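> Sharing a model that was predicted from the sequence below.
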Amino acid sequence: MKLAHDQVRDECVHLCTMPYGAAGVKKKMFLRDTSGNVRDKDLRADFLAIGVWERQRVAFFDNRILDADAPSRFDRNTSYVTAMRAAVQEKKTRYLERCEEMTGSFTPLVCTVDGVFHREFVAFMKRVAAVLAGKWGKSYEEVMCWVRIRLQFALIRAVDLRLRGSRMRFHGAGFSDGAGLCRVF
């Protein structure tokens, strides 16, 4: 479900805007060829951020959430580690060449519904936490814990949407200023 996927993507975008600025982070970017044309409408990164891995270099990111306990994995006797590795390899096969043509880097952000993050996702979290720690004057460990908790809660929201959620986005109860809350409760 797209809304569940977007929970983790939106949290990653939010975390990137803090150290790298809103101007350097964009959602849903089509990967274009060297002439600037879109060749494949299905090939778009979830978001990009400038300066994550190298100064002034664009880094493209694409998320995937895996169900480690899916019946298909049990039928094939596949561990979650193997499934995560295959998902990362699939994303790299699809995106890496095009991103390098655009003189950018590509990082697949793969995790399971159980909250296990692939090592490249962990590297992304560490990088964001290190930059934020320096910017805020806090310890790296404290900020890394905060980043990990933010992403864990985004993952919980994503899984909750898949289990109980609707396919339609909830826009609230119609109260924009909280004035009608006494009527709701």
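Perfect, thanks for sending it.

> ok, and for the longest helix along the chain, which residues are buried?
With secondary structure taken from DSSP state H, the chain has its longest helix at helix 140-164. With burial defined by 16 or more other CB atoms under 10 Å, the residues of helix 140-164 counted as buried are 143-144, 146-148, 150-151, 154-155, 157-159, 161-162. C-beta: built from backbone N, CA, C; applies to glycine.

> can you give me the strands for this structure?
Per DSSP state E, the chain has strands spanning 25-30, 44-50, 58-66, 105-112. These are given in chain order.

> gap between the closest residue to residue 162 other than its chain neighbours and residue 154?
The spatially closest residue to residue 162, leaving aside those adjacent along the chain, is residue 4, at 4.7 Å (CB to CB, 6 or more residues apart in numbering). Between residue 4 and residue 154 the distance is 10 Å, computed by CB to CB, to the nearest Å.

> Report pLDDT for residue 169.
Reported pLDDT at residue 169 in the predicted model: 56.

> Please apply the same query to residue 107.
Confidence at residue 107, expressed as pLDDT, is 93.

> What about it, how many residues nearby?
The tally of other residues near residue 107 (other CB atoms under 10 Å) stands at 25.

> quick one: contacts for it?
The contact partners of residue 107, taken as CB atoms under 8 Å, 6 or more residues apart in numbering, are 52, 53, 59, 60, 61, 120, 123, 124.

> again, only this time at 10 Å
For residue 107, the residues meeting the contact criterion (CB atoms under 10 Å, 6 or more residues apart in numbering) are 45, 49, 52-53, 59-62, 88, 91-92, 95-96, 99, 118, 120-121, 123-124, 127.

> before we move on, back to that, which strands and helices sit next to the longest helix of the chain?
Helix 140-164 sits against helix 2-20, strand 58-66, strand 105-112, helix 119-136, with contacts defined as 3 or more CB pairs under 10 Å, 6 or more residues apart in numbering; DSSP states H and E.

> try 7 Å
The elements that helix 140-164 packs onto, with contact taken as 3 or more CB pairs under 7 Å, 6 or more residues apart in numbering; DSSP states H and E, are helix 2-20, helix 119-136.

> any idea of the angle that helix forms with strand 58-66?
Here helix 140-164 runs at an angle of 50 degrees relative to strand 58-66 (axes from the mean of the first three to the mean of the last three CA atoms, to 10 degrees).

> circling back: output the helices and strands packed on helix 140-164 in TSV; the columns should cover mean neighbour count.
Conversion of the helices and strands packed on helix 140-164 to TSV gives the following (neighbours: other CB atoms under 10 Å):
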stretch	mean neighbour count
helix 2-20	19
helix 119-136	17
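
> Least confident of those, on average?
helix 2-20 (a mean of 88).

> Now do the same contact list for the residue nearest to residue 135 when sequence neighbours are not counted.
Counting by CB to CB, 6+ apart, residue 19 is the residue found nearest to residue 135 once chain neighbours are left out, at 5.8 Å. Under the criterion of CB atoms under 7 Å, 6 or more residues apart in numbering, the neighbours of residue 19 are 128, 131, 132, 135.
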